[in-house]
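Enquirer: Sharing a sequence plus its predicted fold:
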Amino acid sequence: MDGPLDFESEDPFLGSPAPKKRKKVIGLDDLVTDYYKEKSRLIERESKRAKARKSYNSDEEDDTSKETAFFDTIDKCQQQMKEISSEDEISYWGMQVFGNQKTPPPLTFPKLRSCEILNSFMNNEVNSSVELCAEKGEAFLEGLIVNGWLSRLVSICGLVEKSIAMWTFNLMLYSSKEELRTSACDFWCSILSKTEVDLPFTKIDWFPCYSDLKSALEVYGFLPNFSSHTELLKTDSDTGGPPQNIRAWLKFMAVYCQVRNKHSIFSTSEAEELIEVVICLFLDRQLQGLSMLFYECMLSVISCFIEKEWHCSCEKVAKSLACRVPQDLNCLRIVECISGVNTRSKCLRSAVAFQILVKCFDNKVTDAEGILKFLISINVKDRSCDLFKMYIYLVLTENWLYSNPLLEDKPVINEMWGLYLRNCSCQITNTDLRTYASKVRNKASYLLQGTVKG
């Protein structure tokens, strides 16, 4: 009865009984083996981590060395760029031509009360309603000059009295009121532009002399020995400078010089000094807006010399300017400002450039062939060669030769000039990073094209 029934043995869902599990006995050798296996795995894991850390540090060191090399390359490039752009740091012209202004003379003029024009108004019947008196005479005349009536009255009278002439002259040069100084300048330009042929002719009882004009410049702060003031001025500088009256001074001078041949207003030496003054005004960077007035005044002064005076005066002015102007870009500014197509302008430009060249060589060479031989002998490939000076020499020689018609028919001079240009254009390479190397090479190459005969 204890055995399974027949149907139970046939039941497929009844499985056979599970076999009993045997417990494994772990020995001491197995424990030791497992311990060493685990220790080996830990050692291997630490070794892999150490290799990974070493590889990371190596990459980091490589990155650091590459970064250092990169910044070293940048520093070298910046240093080379500074060397290349160093020529821009010295490529400035400009000198302080005007210093501090002085106190101008008083504009009150007591003698004006006794002038004929004022007395004729006071004695007229109309004055009973106007009630003009001597104390109000100056204000009355100011109104006449501003409205343009004064020039008409002196034209009708045919006379500019000394008191009127001196009073209007002082207004023009020293008045702080723009309307008065402009009107006074127009008055003088009007009466000076008339000739004896013009009717009615106006006689002038008083003409200002050169000392009067020079005194005005001194009041404006003009520095006659400006060559000692070599500090360059920036374009936005507000130090010093002349008053606005300098415009009237220039306009008056441009017209006044035209009457020198008819009136002994100043001597030849004074006219020579006047040319120097006007040319030196070009050096003040604060006055660049007046360049056209400077130019017109310069041409007027140059034209006031008679023919027999000019050749000697031209040489004197050139030598004096060469001594006053420093041998830098200021001397080039002086030469290039003496522009003009007339014969005298070209003559003065050439003479000034030549005398500055002679001064640059300490008067060791004083003739055309000697100067060109010296220039040709300079080795521009030598690293110690001052190319800034070479640029100065190149521009000065250009203006000296091209503005001098007497040298056009001298083939020897032309050949030497061409050789000098070839030295400057061919011996200075494109990779030469010295200061002014590119300017000398490009300038010489450009000029060389003009010397090649087609």
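Expert: Sure thing, it's come through.

Enquirer: okay, CA-based contacts and neighbour counts for the rest of this
Expert: OK.

Enquirer: Now do the same for H311: its pLDDT.
Expert: With respect to pLDDT, H311 has a value of 92.

Enquirer: Next: E408.
Expert: For E408, the model assigns a pLDDT of 71.

Enquirer: need the contact list for it.
Expert: Neighbouring residues of E408 by CA atoms under 8 Å, 6 or more residues apart in numbering: 401, 414.

Enquirer: Can we start the residue count at 26 from this point?
Expert: Sure, I'll start numbering at 26, so the last one becomes E433.

Enquirer: Quick check: phi and psi on it?
Expert: phi -70, psi -30 (degrees, to the nearest 10).

Enquirer: Helices along the stretch 326-475 of the chain, start to end?
Expert: For the stretch 326-475 of the chain, the helices defined by DSSP state H, counting those that start in this stretch cover 332-349, 354-362, 368-385, 393-402, 412-427, 436-451, 462-476.

Enquirer: so which of those helices gets nearest F232?
Expert: helix 332-349 (22.8 Å; CA to CA).

Enquirer: hang on, the earlier thing: so which of the helices of the stretch 326-475 of the chain is nearest K239?
Expert: helix 332-349 (17.5 Å).

Enquirer: so of the helices of the stretch 326-475 of the chain, which one's packed in deepest?
Expert: Across those, the average number of neighbours (mean count of other CA atoms under 10 Å) peaks for helix 368-385, which reaches a mean of 22.

Enquirer: Quick one: list the elements packing against that one.
Expert: helix 316-328, helix 332-349, helix 354-362, helix 412-427 (3 or more CA pairs under 8 Å, 6 or more residues apart in numbering; DSSP states H and E).

Enquirer: Switch the helices of the stretch 326-475 of the chain over to a markdown table; also include distance to M278.
Expert: Below are the helices of the stretch 326-475 of the chain laid out as a markdown table (distance: least, CA to CA, whole Å):
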| stretch | distance to M278 |
| --- | --- |
| helix 332-349 | 18 |
| helix 354-362 | 18 |
| helix 368-385 | 18 |
| helix 393-402 | 36 |
| helix 412-427 | 27 |
| helix 436-451 | 39 |
| helix 462-476 | 37 |
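
Enquirer: Of these, which is nearest D97?
Expert: Comparison of the helices of the stretch 326-475 of the chain against D97 by CA to CA identifies helix 462-476 as nearest, at 26.7 Å.

Enquirer: Residues touching the closest one, excluding its own?
Expert: Residues outside helix 462-476 that contact it (CA under 8 Å, 6+ apart) are 412, 415-416, 419, 443, 446-447, 449-451, 453, 455, 457.

Enquirer: Any regions of the stretch 26-175 of the chain where pLDDT drops low?
Expert: 26-57, 76-89, 91-92, 103, 105-116, 146-161 (pLDDT under 70).

Enquirer: just to revisit the earlier point, quick one: which of the helices and strands packed on helix 368-385 is nearest S200?
Expert: The closest of these to S200 is helix 316-328. By CA to CA, the value is 19.7 Å.

Enquirer: got the angle for that closest one vs helix 332-349?
Expert: Note on geometry: by axes from the mean of the first three to the mean of the last three CA atoms, to 10 degrees, helix 316-328 and helix 332-349 are set 130 degrees apart in direction.

Enquirer: Just want the angle from helix 316-328 to helix 368-385.
Expert: Angle, helix 316-328 to helix 368-385, by the same axes, to 10 degrees: 100 degrees.
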